[in-house]
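Enquirer: Got a sequence here, can you build the structure:
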Amino acid sequence: SATTSSRPGSEPSVSASANSSSNEVPFDWSKGFDELSMWALTVGTEENPESNRSRTGFGPMGPWQMFLEGSMGHAGALGRQVTLNTDSADREVTETLLAAIERAALDRTIVLQGEGVRLADAEPVPVTFTFKTGGKNKGLYRASDGSGLWSRDRLLEGAVAGELIVTLTGYLGRSVDPSHPQPAIWAARDPIVNSGIQTFPRLPEDNPMRIFGRHLEKGAKLFVDGRRVRGSVTCARGGKLPNCTDEALEVHLVEPPPQAGMYLVQLQTRHGLLSNEFLFYVD
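Expert: Have a look, this model is predicted:
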(Lines give C-alpha, C1' and ligand atoms only; values in the text may rest on other atoms or scores of the structure.)
Protein backbone atom coordinates (compact mmCIF):
# COMPACT_ATOMS: atom_id res chain seq x y z
CA SER A 1 0.00 0.00 0.00
CA ALA A 2 1.11 3.57 -0.58
CA THR A 3 2.22 5.93 2.16
CA THR A 4 2.04 9.70 1.94
CA SER A 5 3.56 12.67 3.69
CA SER A 6 2.10 16.15 3.86
CA ARG A 7 4.83 18.58 4.94
CA PRO A 8 3.57 22.17 5.35
CA GLY A 9 3.76 23.99 2.06
CA SER A 10 4.53 20.89 0.02
CA GLU A 11 2.47 18.64 -2.22
CA PRO A 12 1.95 15.15 -0.83
CA SER A 13 4.60 12.70 -1.91
CA VAL A 14 4.00 9.04 -2.62
CA SER A 15 6.24 6.14 -1.71
CA ALA A 16 8.27 4.32 -4.35
CA SER A 17 5.88 1.36 -4.39
CA ALA A 18 3.00 3.52 -5.58
CA ASN A 19 5.00 5.97 -7.67
CA SER A 20 6.38 3.11 -9.76
CA SER A 21 3.01 1.42 -10.09
CA SER A 22 3.13 1.68 -13.86
CA ASN A 23 4.99 3.66 -16.50
CA GLU A 24 1.82 3.48 -18.58
CA VAL A 25 -0.32 4.89 -15.77
CA PRO A 26 1.55 7.75 -14.05
CA PHE A 27 0.02 8.61 -10.70
CA ASP A 28 -2.34 11.59 -10.82
CA TRP A 29 -3.03 13.33 -7.53
CA SER A 30 -6.13 14.99 -8.94
CA LYS A 31 -7.66 11.52 -9.30
CA GLY A 32 -5.97 9.78 -6.42
CA PHE A 33 -6.14 6.01 -6.16
CA ASP A 34 -8.87 5.47 -8.72
CA GLU A 35 -9.71 2.06 -10.16
CA LEU A 36 -7.17 2.26 -12.99
CA SER A 37 -4.36 3.29 -10.63
CA MET A 38 -5.16 0.42 -8.29
CA TRP A 39 -5.22 -2.00 -11.20
CA ALA A 40 -1.84 -0.70 -12.39
CA LEU A 41 -0.37 -1.34 -8.93
CA THR A 42 -0.97 -5.07 -9.37
CA VAL A 43 0.84 -5.02 -12.73
CA GLY A 44 3.94 -2.95 -12.02
CA THR A 45 6.41 -1.68 -14.58
CA GLU A 46 8.63 -3.49 -17.07
CA GLU A 47 11.61 -2.79 -14.79
CA ASN A 48 9.78 -3.89 -11.64
CA PRO A 49 6.92 -6.18 -12.67
CA GLU A 50 4.47 -7.42 -10.11
CA SER A 51 3.20 -11.01 -10.17
CA ASN A 52 0.45 -10.36 -12.75
CA ARG A 53 2.90 -8.89 -15.25
CA SER A 54 5.54 -11.54 -14.57
CA ARG A 55 3.03 -14.32 -15.20
CA THR A 56 1.26 -12.95 -18.28
CA GLY A 57 3.64 -10.41 -19.83
CA PHE A 58 0.80 -7.88 -20.12
CA GLY A 59 0.97 -4.26 -19.15
CA PRO A 60 -2.08 -2.64 -17.55
CA MET A 61 -3.82 -1.10 -20.55
CA GLY A 62 -4.78 -4.22 -22.52
CA PRO A 63 -6.59 -5.93 -19.64
CA TRP A 64 -8.03 -2.57 -18.56
CA GLN A 65 -9.59 -2.12 -22.00
CA MET A 66 -11.01 -5.63 -21.71
CA PHE A 67 -12.62 -4.74 -18.38
CA LEU A 68 -14.08 -1.53 -19.81
CA GLU A 69 -15.68 -3.47 -22.65
CA GLY A 70 -16.70 -6.43 -20.52
CA SER A 71 -20.26 -7.58 -20.92
CA MET A 72 -22.73 -6.68 -18.20
CA GLY A 73 -25.18 -9.13 -19.69
CA HIS A 74 -27.19 -6.76 -21.87
CA ALA A 75 -27.49 -6.80 -25.65
CA GLY A 76 -26.33 -3.80 -27.64
CA ALA A 77 -29.93 -3.28 -28.75
CA LEU A 78 -31.10 -2.60 -25.19
CA GLY A 79 -32.45 0.95 -25.00
CA ARG A 80 -32.09 1.58 -28.73
CA GLN A 81 -34.92 3.60 -30.18
CA VAL A 82 -36.38 4.41 -33.58
CA THR A 83 -39.03 7.10 -34.00
CA LEU A 84 -41.33 6.87 -37.02
CA ASN A 85 -42.93 10.09 -38.26
CA THR A 86 -43.33 12.01 -41.50
CA ASP A 87 -39.70 13.19 -41.35
CA SER A 88 -37.98 9.91 -40.54
CA ALA A 89 -40.06 7.01 -41.85
CA ASP A 90 -38.95 7.24 -45.49
CA ARG A 91 -35.22 7.38 -44.70
CA GLU A 92 -33.05 4.38 -45.44
CA VAL A 93 -31.21 4.69 -42.12
CA THR A 94 -34.53 4.45 -40.25
CA GLU A 95 -35.47 1.15 -41.84
CA THR A 96 -31.93 -0.16 -41.30
CA LEU A 97 -32.11 0.62 -37.58
CA LEU A 98 -35.61 -0.81 -37.32
CA ALA A 99 -34.51 -4.03 -39.00
CA ALA A 100 -31.58 -4.32 -36.59
CA ILE A 101 -33.64 -4.01 -33.41
CA GLU A 102 -36.28 -6.35 -34.85
CA ARG A 103 -33.53 -8.93 -35.44
CA ALA A 104 -32.37 -8.52 -31.82
CA ALA A 105 -35.95 -9.04 -30.65
CA LEU A 106 -36.26 -12.21 -32.76
CA ASP A 107 -33.03 -13.41 -31.12
CA ARG A 108 -34.83 -12.81 -27.77
CA THR A 109 -32.15 -10.47 -26.42
CA ILE A 110 -34.65 -7.60 -26.03
CA VAL A 111 -38.40 -7.05 -25.93
CA LEU A 112 -39.45 -4.60 -28.66
CA GLN A 113 -42.38 -2.30 -27.95
CA GLY A 114 -43.63 0.99 -29.36
CA GLU A 115 -45.55 3.88 -27.84
CA GLY A 116 -47.30 6.47 -29.97
CA VAL A 117 -50.53 7.91 -31.36
CA ARG A 118 -52.69 7.25 -34.38
CA LEU A 119 -53.80 10.43 -36.16
CA ALA A 120 -56.25 9.03 -38.68
CA ASP A 121 -59.31 10.12 -36.69
CA ALA A 122 -60.40 13.52 -35.44
CA GLU A 123 -58.74 12.94 -32.07
CA PRO A 124 -55.31 11.34 -31.57
CA VAL A 125 -55.61 7.80 -30.26
CA PRO A 126 -52.82 6.48 -27.97
CA VAL A 127 -51.51 3.13 -29.12
CA THR A 128 -48.93 0.58 -27.95
CA PHE A 129 -47.29 -1.85 -30.39
CA THR A 130 -45.82 -5.16 -29.22
CA PHE A 131 -43.47 -7.00 -31.58
CA LYS A 132 -44.26 -10.72 -31.77
CA THR A 133 -41.30 -13.12 -31.78
CA GLY A 134 -43.04 -16.49 -32.07
CA GLY A 135 -46.04 -18.32 -33.46
CA LYS A 136 -47.93 -17.51 -36.63
CA ASN A 137 -47.69 -13.75 -35.94
CA LYS A 138 -43.90 -13.78 -35.68
CA GLY A 139 -42.39 -10.57 -37.04
CA LEU A 140 -45.61 -8.54 -36.76
CA TYR A 141 -46.72 -5.82 -34.34
CA ARG A 142 -49.91 -6.18 -32.32
CA ALA A 143 -51.63 -2.85 -31.67
CA SER A 144 -53.39 -2.12 -28.39
CA ASP A 145 -56.14 -0.01 -29.98
CA GLY A 146 -57.83 -2.90 -31.75
CA SER A 147 -56.38 -2.11 -35.17
CA GLY A 148 -54.96 -5.61 -35.44
CA LEU A 149 -51.55 -6.70 -36.63
CA TRP A 150 -49.14 -4.32 -38.31
CA SER A 151 -46.19 -5.24 -40.51
CA ARG A 152 -43.04 -3.13 -40.66
CA ASP A 153 -44.14 -1.79 -44.05
CA ARG A 154 -47.54 -0.79 -42.67
CA LEU A 155 -45.90 1.09 -39.79
CA LEU A 156 -43.60 2.97 -42.18
CA GLU A 157 -46.39 3.75 -44.63
CA GLY A 158 -48.65 5.02 -41.86
CA ALA A 159 -45.90 7.27 -40.51
CA VAL A 160 -45.07 8.66 -43.97
CA ALA A 161 -48.75 9.45 -44.53
CA GLY A 162 -48.93 11.35 -41.24
CA GLU A 163 -51.38 8.87 -39.74
CA LEU A 164 -49.01 7.51 -37.09
CA ILE A 165 -46.23 8.68 -34.79
CA VAL A 166 -44.52 5.96 -32.76
CA THR A 167 -41.22 5.42 -30.94
CA LEU A 168 -40.02 1.80 -30.82
CA THR A 169 -37.71 0.85 -27.93
CA GLY A 170 -35.71 -2.24 -26.95
CA TYR A 171 -36.63 -3.26 -23.38
CA LEU A 172 -35.33 -5.85 -20.92
CA GLY A 173 -36.74 -9.36 -21.00
CA ARG A 174 -38.78 -10.81 -18.16
CA SER A 175 -35.95 -12.88 -16.61
CA VAL A 176 -33.72 -10.00 -15.51
CA ASP A 177 -33.87 -9.88 -11.72
CA PRO A 178 -31.91 -11.10 -8.67
CA SER A 179 -33.27 -14.63 -9.12
CA HIS A 180 -31.77 -14.76 -12.65
CA PRO A 181 -28.13 -13.57 -12.30
CA GLN A 182 -25.88 -13.08 -15.30
CA PRO A 183 -24.35 -16.35 -16.55
CA ALA A 184 -20.56 -16.71 -16.42
CA ILE A 185 -18.40 -19.07 -18.48
CA TRP A 186 -14.66 -19.78 -18.35
CA ALA A 187 -11.95 -22.23 -19.40
CA ALA A 188 -9.90 -24.61 -17.32
CA ARG A 189 -6.30 -23.78 -16.50
CA ASP A 190 -3.67 -25.54 -18.57
CA PRO A 191 -2.89 -28.72 -16.57
CA ILE A 192 0.64 -28.97 -18.01
CA VAL A 193 1.73 -25.39 -17.51
CA ASN A 194 -0.17 -25.28 -14.19
CA SER A 195 -0.60 -21.53 -14.24
CA GLY A 196 -3.18 -18.91 -15.07
CA ILE A 197 -2.81 -19.67 -18.79
CA GLN A 198 -6.04 -21.08 -20.16
CA THR A 199 -6.71 -23.43 -23.05
CA PHE A 200 -9.56 -22.64 -25.41
CA PRO A 201 -11.57 -25.04 -27.61
CA ARG A 202 -10.59 -25.70 -31.20
CA LEU A 203 -13.41 -26.82 -33.44
CA PRO A 204 -14.48 -29.11 -35.03
CA GLU A 205 -12.47 -31.45 -32.79
CA ASP A 206 -13.67 -29.82 -29.55
CA ASN A 207 -17.36 -29.80 -30.39
CA PRO A 208 -18.95 -30.06 -27.88
CA MET A 209 -16.79 -27.52 -26.09
CA ARG A 210 -15.96 -28.55 -22.54
CA ILE A 211 -15.93 -25.40 -20.44
CA PHE A 212 -17.13 -24.25 -17.03
CA GLY A 213 -20.04 -22.00 -16.09
CA ARG A 214 -22.66 -21.04 -13.56
CA HIS A 215 -26.10 -19.41 -13.40
CA LEU A 216 -27.16 -21.32 -16.51
CA GLU A 217 -30.64 -22.79 -16.62
CA LYS A 218 -32.16 -25.49 -18.78
CA GLY A 219 -32.89 -24.12 -22.23
CA ALA A 220 -29.98 -21.66 -22.29
CA LYS A 221 -29.49 -20.06 -25.71
CA LEU A 222 -26.27 -19.81 -27.71
CA PHE A 223 -24.79 -16.83 -29.56
CA VAL A 224 -21.70 -16.67 -31.76
CA ASP A 225 -20.29 -13.23 -32.51
CA GLY A 226 -23.54 -11.70 -31.29
CA ARG A 227 -25.95 -13.76 -33.41
CA ARG A 228 -28.24 -16.53 -32.21
CA VAL A 229 -27.19 -20.04 -33.31
CA ARG A 230 -28.57 -23.52 -32.83
CA GLY A 231 -27.00 -25.63 -30.10
CA SER A 232 -27.34 -27.02 -26.62
CA VAL A 233 -25.86 -26.64 -23.14
CA THR A 234 -25.66 -29.68 -20.85
CA CYS A 235 -23.74 -30.85 -17.79
CA ALA A 236 -20.42 -32.54 -18.61
CA ARG A 237 -19.77 -34.45 -15.38
CA GLY A 238 -23.24 -35.10 -14.06
CA GLY A 239 -25.90 -33.11 -12.32
CA LYS A 240 -28.62 -31.02 -13.93
CA LEU A 241 -28.67 -27.39 -14.94
CA PRO A 242 -28.26 -25.07 -13.13
CA ASN A 243 -26.39 -27.35 -10.69
CA CYS A 244 -23.80 -29.16 -12.79
CA THR A 245 -21.14 -31.19 -11.02
CA ASP A 246 -17.94 -29.10 -10.70
CA GLU A 247 -19.71 -26.44 -12.78
CA ALA A 248 -18.54 -28.37 -15.87
CA LEU A 249 -20.50 -27.81 -19.10
CA GLU A 250 -20.70 -29.17 -22.60
CA VAL A 251 -21.62 -26.59 -25.24
CA HIS A 252 -22.55 -28.10 -28.58
CA LEU A 253 -22.90 -26.07 -31.78
CA VAL A 254 -25.14 -27.68 -34.39
CA GLU A 255 -23.38 -25.78 -37.17
CA PRO A 256 -19.95 -24.43 -36.22
CA PRO A 257 -18.72 -21.43 -38.26
CA PRO A 258 -17.48 -22.65 -41.65
CA GLN A 259 -14.52 -20.26 -41.88
CA ALA A 260 -11.31 -20.76 -39.90
CA GLY A 261 -10.55 -18.16 -37.28
CA MET A 262 -11.35 -16.94 -33.77
CA TYR A 263 -14.94 -16.54 -32.62
CA LEU A 264 -16.76 -15.49 -29.46
CA VAL A 265 -19.55 -17.54 -27.92
CA GLN A 266 -22.07 -16.36 -25.31
CA LEU A 267 -24.77 -18.21 -23.42
CA GLN A 268 -28.05 -16.61 -22.43
CA THR A 269 -30.70 -17.24 -19.81
CA ARG A 270 -34.04 -17.51 -21.62
CA HIS A 271 -35.53 -14.00 -21.81
CA GLY A 272 -32.65 -12.85 -19.60
CA LEU A 273 -29.01 -11.84 -19.48
CA LEU A 274 -26.09 -12.85 -21.70
CA SER A 275 -22.87 -14.32 -20.35
CA ASN A 276 -19.42 -12.89 -20.86
CA GLU A 277 -17.84 -13.57 -24.27
CA PHE A 278 -15.70 -16.71 -24.44
CA LEU A 279 -13.36 -17.31 -27.33
CA PHE A 280 -12.94 -20.46 -29.39
CA TYR A 281 -11.15 -21.30 -32.62
CA VAL A 282 -12.19 -23.02 -35.83
CA ASP A 283 -9.30 -24.83 -37.56
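
Enquirer: three-state assignment of residue 200?
Expert: coil (DSSP: H, G, I helix; E, B strand; the rest coil).

Enquirer: quick one, what contacts it?
Expert: 187, 278, 279, 280, 281 (C-beta atoms under 8 Å, 6 or more residues apart in numbering). Glycine gets a C-beta too; all of them are placed from N, C-alpha and C.

Enquirer: Show the average pLDDT along whichever strand or helix holds the last one.
Expert: Taking DSSP states H and E as the criterion, the element that holds residue 281 is strand 278-282. Confidence over strand 278-282 (mean pLDDT, whole number) is 93.

Enquirer: what distance separates that strand from the middle of the whole chain?
Expert: 17 Å (C-alpha atoms, centre = their mean, to the nearest Å).

Enquirer: quick one: contacts of that strand?
Expert: With C-beta under 8 Å, 6+ apart, strand 278-282 has contacts from 185-187, 200-204, 206, 209, 211, 256-266.

Enquirer: Count the residues that sit near the nearest residue to residue 240 once chain neighbours are set aside.
Expert: If the residues on either side of it in the chain are set aside, residue 240 comes closest to residue 218, at 7.5 Å by C-beta to C-beta, 6 or more residues apart in numbering. Neighbourhood size, residue 218 [other C-beta atoms under 10 Å]: 10.

Enquirer: Residue 218: which element?
Expert: Counting by DSSP H and E, residue 218 is part of no helix or strand.

Enquirer: mind listing what it touches?
Expert: 240, 241, 242.

Enquirer: measure residue 157 to residue 95 for me?
Expert: 12 Å (C-beta to C-beta, to the nearest Å).

Enquirer: Is it correct that residue 255 is in contact with residue 222?
Expert: No. Residue 255 lies out of contact with residue 222 (C-beta atoms under 8 Å); the separation is 10.8 Å.
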